[in-house]
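1. Below are the sequence and a predicted model for it; my questions follow.
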Amino acid sequence: MTNNDILRSVRFMLNLSDAKVVEIFALTNCEVVLEDVQAWLKKEDDAAFKPLPDVLMGYFLNGLIFFRRGKSEEMPAPSIERRMNNNIFMKKLRIAFDLKTTDIPAVLAKANFTVSQAEIGAIFRKPDHKNYRECGDQIMRNFLKGLTMTLRPTQPAKTSPTQAAKSAPSQTAKPRPAQPPKARK
């Protein structure tokens with residue numbers, strides 16, 4: 001997935017305005033202008049589209065961590081990666097949304113996608129570890145979809161008056177009057 005895809009997904013997931021995205025960048029002392037954000041959010045086939053550089057995506061994800069969890073003066077700022085990949089996206093989003101590794105399968109399950117806990121652990125390992133596994137686009141897409149479903153649950157469909165009448169109890173049947181109990185002999 002591209003940096004622009006992730007930015008679009010997170011913006012939709014959290015219902016952020018373009019100005020709020022600029023503010024999130026500012027939390028990491030990275031100044032971007034509204035026009036750039038709007039160009040990054042465009043689709044690839046739009047003439048005004050601009051690709052979001054890896055370094056700026058790193059600033060955005062760190063800003064998202066500060067935005068969601070608060071900025072601590074005691075803790076050092078997270079490092080800015082020069083090259084982004086899906087594994088880094090997953091790590092940063094897991095931190096930003098305060099998820100444990102054991103929460104990830106439940107998020108993926110909301111998108112009807114199953115992954116074992118061992119696979120999730122392999123995704124969060126260091127690249128030089130023997131059990132490291134690259135996070136594919138399919139896992140990343142479903143993770144973003146599951147997070148969106150968690151944070152922006154769909155509203156139940158409104159029923160039309162005719163559907164409501166069909167599901168309501170029938171008004172034609174009248175209740176029987178109570179009968180006195182029969183006497184036993």
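-> Received it, and whenever you're ready, just let me know what you need. Residues are numbered from 1 along each chain as shown.
2. May I ask which helix or strand encompasses the residue nearest the centre of the chain?
-> Nearest to the geometric centre of the chain sits residue 147, at 3.0 Å (C-alpha atoms, centre = their mean). Using DSSP states H and E, residue 147 sits in helix 137-151.
3. again, but for residue 92
-> Going by DSSP H and E, residue 92 is in helix 86-96.
4. so the residue nearest to the centre of the chain touches residue 13, yeah?
-> Yes. Taking C-beta atoms under 8 Å as the definition, residue 147 is a contact partner of residue 13 at 5.8 Å. Yep, even glycine has a C-beta here, placed from its N, CA and C like the rest.
5. neighbours around residue 12, how many?
-> 14 (other C-beta atoms under 10 Å).
6. rewinding a little: give me the buried stretch members for the helix holding residue 147, please.
-> 139-148, 150 (16 or more other C-beta atoms under 10 Å).
7. Looking at those residues, which is nearest residue 125?
-> Distance to residue 125 across these (C-beta to C-beta) is lowest for residue 139, with 14.5 Å.
8. quick one, what contacts that closest one?
-> Applying C-beta atoms under 8 Å, 6 or more residues apart in numbering, we find residue 139 in contact with 86, 90, 108, 113, 115, 123.
9. quick one, phi psi at residue 32?
-> Backbone torsions of residue 32, given as degrees, to the nearest 10, read phi -130, psi 160.
10. From residue 34, how far out is the closest residue to it other than its chain neighbours?
-> Spatially, and ignoring its direct neighbours in sequence, residue 32 is nearest to residue 25 (4.7 Å; C-beta to C-beta, 6 or more residues apart in numbering). Distance, residue 25 to residue 34, using C-beta to C-beta, to the nearest Å: 11 Å.
11. Make sure residue 31 is actually in contact with residue 25.
-> Yes. Assessed by C-beta under 8 Å, residue 31 is found in contact with residue 25 at 7.3 Å.
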